[in-house]
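Chemist: Test case, fold it:
(2 chains)
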Amino acid sequence: GNSVTQMEGPVTLSEEAFLTINCTYTATGYPSLFWYVQYPGEGLQLLLKATKADDKGSNKGFEATYRKETTSFHLEKGSVQVSDSAVYFCALSPNDYKLSFGAGTTVTVRA
Amino acid sequence: GAVVSQHPSWVICKSGTSVKIECRSLDFQATTMFWYRQFPKQSLMLMATSNEGSKATYEQGVEKDKFLINHASLTLSTLTVTSAHPEDSSFYICSARDLGDIQYFGAGTRLSVL
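Modeler: Residues are numbered from 1 along each chain as shown, chains lettered A, B, ... in the order given. This is a model prediction of the structure:
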């Protein structure tokens, strides 16, 4: 079956630090990969996505590259801000629009 | 971006009663909506896929008679938790898929069954 494993949190960083959240997946075929972010009190929002191997998704300074050989989709940001404090979810969809989520990683950025 | 409204955001009910949760796409039409359940500090688990005008498709292990889903229009899907019990207490989240195949999520409904 399809599954997503992501780095456990919580993660606490100082402003301007480098952020990496690891995500690996198991799936049949070639799924699309996503990162969603959930800010306090809000619904999940799509942060970025990649639909095929070697694609790089990017948004708001965040990046993730679809690595088929390592079945990974790690999220990175070079310099985080307090406003990046949120819960981040890695997810995959095997073309049937159903999303399988990782457990979520809580990130707190301190000023 | 597109907005999905979920109502209520928090509901407390007595054991044995039924609770209805609404999910509306406010500025787009959604032929498909999804219902998820999230336990504390755990991931979202897909419960069912709701297609406008047809019966919902439930994931394995989800009781269709317990969780009634209706998708009567292109902008509204409802989830009714029937004869709720304390073990049904959870965070329920809906999403709506637009024509570009992006899913937009509601803010969720916290259900507490006493």
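Chemist: Okay, and the beta partners of the residue nearest to A:Cys90 when sequence neighbours are not counted?
Modeler: Nearest non-adjacent residue to A:Cys90, counting by C-beta to C-beta, 6 or more residues apart in numbering or on different chains: A:Cys23, 3.6 Å away. From N, CA and C alone the C-beta is placed, and that goes for glycine too. Under DSSP bridges, the beta-bridge partners of A:Cys23 are A:Gln6.
Chemist: does A:Cys23 really touch A:Ala103, like I thought?
Modeler: No: if you go by C-beta atoms under 8 Å, A:Cys23 and A:Ala103 don't touch, sitting 10.5 Å apart.
Chemist: Give the residues shared as contacts by these two.
Modeler: Applying C-beta atoms under 8 Å, 6 or more residues apart in numbering or on different chains, one finds that A:Cys23 and A:Ala103 are jointly contacted by A:Gln6.
Chemist: Neighbour count: the two, which is higher?
Modeler: Taking other C-beta atoms under 10 Å in any protein chain shown, A:Cys23 and A:Ala103 do not tie; A:Cys23 has more neighbours (24 against 17).
Chemist: what about that one, distance to chain B?
Modeler: 12 Å (C-beta to the nearest C-beta, to the nearest Å).
Chemist: Any chance of the backbone angles for the residue nearest the centre of chain A?
Modeler: Centrality entry for chain A: nearest residue to the mean C-alpha point is A:Trp35, 3.5 Å, by C-alpha atoms, centre = their mean. Dihedral angles phi and psi of A:Trp35 (degrees, to the nearest 10) take the values phi -120, psi 130.
Chemist: what's the distance between A:Leu44 and B:Thr17?
Modeler: Per C-beta to C-beta, to the nearest Å, A:Leu44 is found 29 Å from B:Thr17.
Chemist: who's more crowded, these two?
Modeler: More crowded of A:Leu44 and B:Thr17, by other C-beta under 10 Å: A:Leu44, with 30 against 12.
Chemist: Let me know the pLDDT of that one.
Modeler: Predicted confidence (pLDDT) at A:Leu44: the value is 90.
Chemist: ok, now A:Ala86?
Modeler: pLDDT, A:Ala86: 96.
Chemist: how deep is it tucked in, by neighbour count?
Modeler: With other C-beta under 10 Å as criterion, A:Ala86 counts 21.
Chemist: quick one, what contacts residue 6?
Modeler: I went with chain A, as the question did not name one. With contact taken as C-beta under 8 Å, 6+ apart, A:Gln6 is in contact with A:Ile21, A:Asn22, A:Cys23, A:Thr24, A:Tyr88, A:Phe89, A:Cys90, A:Gly102, A:Ala103, A:Gly104, A:Thr105.
Chemist: hm, I was asking about chain B
Modeler: A:Gly43, B:Ile21, B:Glu22, B:Cys23, B:Arg24, B:Ile93, B:Cys94, B:Gly106, B:Ala107, B:Gly108, B:Thr109.
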